[in-house]
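Participant: got a predicted structure here, sequence first:
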Amino acid sequence: MSSLAPKADDALTVPPISRRLGRNAAIALAVLVVAALVPQVVTSPSRLNLAVLILMAAQLGVAWNILGGYAGQISLGHAAFFGVGSYTATLLFMNFGISPWIGIPAGGLLAALIGGVVGWSCFKLKGHYFAMATIAIAEIVQIGFNNWEYAGAAVGLSLPMTERGWRVMIFGDKASYYYLALGLLVLSLAVNFAIERSFLGYYFRAIKDEPDAARSVGVGLTIFKQIALFASSFLTAMGGGLYAFKELYIDPPSVLATGLSIKMALSAILGGVGTLFGPVVGAVILTAIEEGSRALLGGSGRGTDLILYALIIIGVAIFYPRGVIGWLLERRDRKARHAAR
Amino acid sequence: MLHVERVTKRFGGLVANEDVSFDVEAGQIVGLIGPNGAGKTTLFNCIAGYFPPSSGSITLGGTDIAGLRPEQCAKAGIGRTFQIARTFVSMTAQQNVMVGALLRDRSVRHARARADELLEFVDLARCADRPAGSLTISEQRRLAVARALATKPRVLLMDEVMAGLNPSEVREAVRVVLRIRDQGIACLIVEHVLEGIMPIADRIVVLDYGKKIADGTPAEVSSDSVVIAAYLGD
């Protein structure tokens, strides 16, 4: 067959990558500009706080997605990395006066190191067994922090508000946290994008689809799962560090709870696993549900969001296993097929 | 090129391969046949690193590869396909082949160009941008071959590339195998479709109950009384 033969004989054909990339870059830039302008328009602190929560949830979903969505290793213990990140940044600041600009990445590195140990011991487990092991490890970490006096044990740690400003990352207004959260989200998306476009993105998906076939073309499973886990745990812990400096108070239930791990996974799964922006979409929907149920039902509604989470998991699993983004892509393909007819 | 010597593979008390020896030279097609359960796929798995052999040696171009992991075998120059194609279903056909090409060159752009060449080589150029899962069984088999070829193997192990195909698809598969041989790649093929493999093989190795019972040209093997007995029962 000659190379001139038409390639696009099928409506499932995807538009050329260069064209798509140009259009997507333009959209991404527009969204970023709008996002950067939000604090200028939204002045209500509670609304802006909601926006910060959405950005932070999105960032965690993006970080989780690198390991869970692209490489297909479902972790339900990512709260452990989040907690390690928040405790590291907090303890370094409280006890040694180290700026969070150093403390947060340091927490990321420590979490990635712990991730290396976790991966080394757990990556031989497949599918559900891996997920179960991650739950167990996160529980152990949570129990450990609950009993560790130096880290405040069950009482938790409060950050001192003696100094404010960018050096210590402590502010009286929400707008500064908004920009920090947006910056961390953009950084996480950039890391994810770079991975997706490089050979790593192809290798991760190969491992997820068919591990044995991946090995037959030279893809070592453990090493590449470790790389995915490294990026994922590092970014998750950075999110934890930022959370600590936003809330100025952390304790095991707020930064190490199993519910947190589930929310990270769920925003990626709901939005679309293995897609760049899926977790962002998922985080917006989930946070809206969470805050909405809280506003509607007040204190008596505690746990309602968990019931809704459960319903969402069931719904997505049965009807839209590829999540919102996957569903939109399918619709686009169907339309294209109709148009081609 | 590929030298298998006295390979034995035991699973507990079960001996899946016993004392099997043979060679495959560059530019040669060797068929590995035998009744169900004869140990053909186990032998493949030993050569490609999925099972370490219990004893014996496997060398590729003089270097010992027995006991290496599958990904190390791939780097050493063993390519393989599986009985079921095991394509990466979340990717397009082109991306499937790119995964293979990325082994020797990490540049995604180069891999894409190489994938297009190989898709043409296996007559799948028109499917490049289609989801791999939407291809027919016959197309997926050839896609798996292209993916394996992308790793620049010196030996290509093909596990039943022709099983379950209709006659015209078998002819297509045969054409691809001959083209691969012409590139100087040693081909070792496990096959049940004897009409497909007999006319093109330079040599046939027959396994039965894990042991090699015959090794010769297709003509010699098909008139061998031991082989006939193994296939038809005695």
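Facilitator: Everything's here; your move.
Participant: now the helices: where do they sit in chain B?
Facilitator: Along chain B, the segments classed as helices by DSSP state H run B:40-47, B:70-76, B:93-101, B:108-121, B:137-149, B:167-182, B:194-197, B:218-222, B:225-232.
Participant: any chance of TSV for these, columns mean neighbour count and distance to chain A?
Facilitator: C-beta coordinates here come from the backbone N, C-alpha and C atoms, glycine included. Output for the helices of chain B, formatted as TSV (neighbours: other Cβ atoms under 10 Å in any protein chain shown; distance: least, Cβ to the nearest Cβ, whole Å):
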stretch	mean neighbour count	distance to chain A
helix B:40-47	24	10
helix B:70-76	21	4
helix B:93-101	29	4
helix B:108-121	18	6
helix B:137-149	25	6
helix B:167-182	16	12
helix B:194-197	19	21
helix B:218-222	16	28
helix B:225-232	14	29
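Participant: adding mean pLDDT, write those helices out as a markdown table.
Facilitator: Below are those laid out as a markdown table (pLDDT from 0 to 100):
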| stretch | mean pLDDT |
| --- | --- |
| helix B:40-47 | 94 |
| helix B:70-76 | 97 |
| helix B:93-101 | 97 |
| helix B:108-121 | 97 |
| helix B:137-149 | 95 |
| helix B:167-182 | 92 |
| helix B:194-197 | 86 |
| helix B:218-222 | 91 |
| helix B:225-232 | 85 |
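Participant: so which of those is nearest A:L229?
Facilitator: With Cβ to Cβ as the measure, helix B:70-76 is the member of those nearest A:L229 (18.1 Å).
Participant: phi first, then psi, for the nearest residue to B:Q28 once chain neighbours are set aside.
Facilitator: Closest residue to B:Q28 apart from its sequence neighbours, by Cβ to Cβ, 6 or more residues apart in numbering or on different chains: B:D202 at 4.7 Å. Main-chain dihedrals, B:D202, degrees, to the nearest 10: phi -80, psi -40.
Participant: for B:D202, give me its contacts.
Facilitator: Residues counted as contacts of B:D202 (Cβ atoms under 8 Å, 6 or more residues apart in numbering or on different chains) are B:Q28, B:I29, B:V30, B:T217.
Participant: next: A:L270.
Facilitator: Neighbouring residues of A:L270 by Cβ under 8 Å, 6+ apart: A:V281, A:G282, A:I285, A:L286, A:I312, A:V316, A:G323, A:V324.
Participant: isn't the fifth one right up against A:L266?
Facilitator: This points to A:I312. Yes. A:I312 is within contact range of A:L266, at 6.9 Å (criterion: Cβ atoms under 8 Å).
Participant: give the residues shared as contacts by these two.
Facilitator: By Cβ under 8 Å, 6+ apart, A:I312 and A:L266 have these common neighbours: A:L286.
Participant: between these two, which has more neighbouring residues?
Facilitator: Shown here are A:I312 and A:L266; by other Cβ atoms under 10 Å in any protein chain shown, A:L266 has more neighbours (24 against 17).
Participant: got the contact list for that one?
Facilitator: Contacts of A:L266 by Cβ under 8 Å, 6+ apart are A:G282, A:L286, A:Y309, A:I312, A:I313.
Participant: can you check B:S54 too?
Facilitator: B:S54 sits next to B:T8, B:K9, B:R10 when contact means Cβ under 8 Å, 6+ apart.
Participant: the second one: neighbour count?
Facilitator: Other residues within reach of B:K9 by the criterion other Cβ under 10 Å amount to 22.
Participant: same check on B:D215?
Facilitator: When neighbours are counted by other Cβ under 10 Å, B:D215 registers 18.
Participant: before we move on, what about A:P253?
Facilitator: A:P253 has 13 neighbouring residues, counting by other Cβ under 10 Å.
Participant: can you give me the distance of it to chain B?
Facilitator: Distance, A:P253 to chain B, by Cβ to the nearest Cβ, to the nearest Å: 37 Å.
Participant: then A:A133?
Facilitator: To chain B, A:A133 is 22 Å away according to Cβ to the nearest Cβ.
Participant: measure that residue to A:S261 for me?
Facilitator: Going from A:A133 to A:S261 by Cβ to Cβ, to the nearest Å gives 13 Å.
Participant: of these two, who's got more company?
Facilitator: Between A:A133 and A:S261, A:S261 has the larger neighbour count (other Cβ under 10 Å), namely 24 against 19.
Participant: what parts of the stretch 51-200 of chain A come near chain B?
Facilitator: Within the stretch 51-200 of chain A, the positions near chain B by Cβ under 8 Å from any Cβ of the partner chain are A:R197, A:S198, A:F199.
Participant: neighbour-wise, which of the contacts of A:L266 leads?
Facilitator: Counting neighbours by other Cβ under 10 Å, A:G282 leads the contacts of A:L266 with 32 neighbours.
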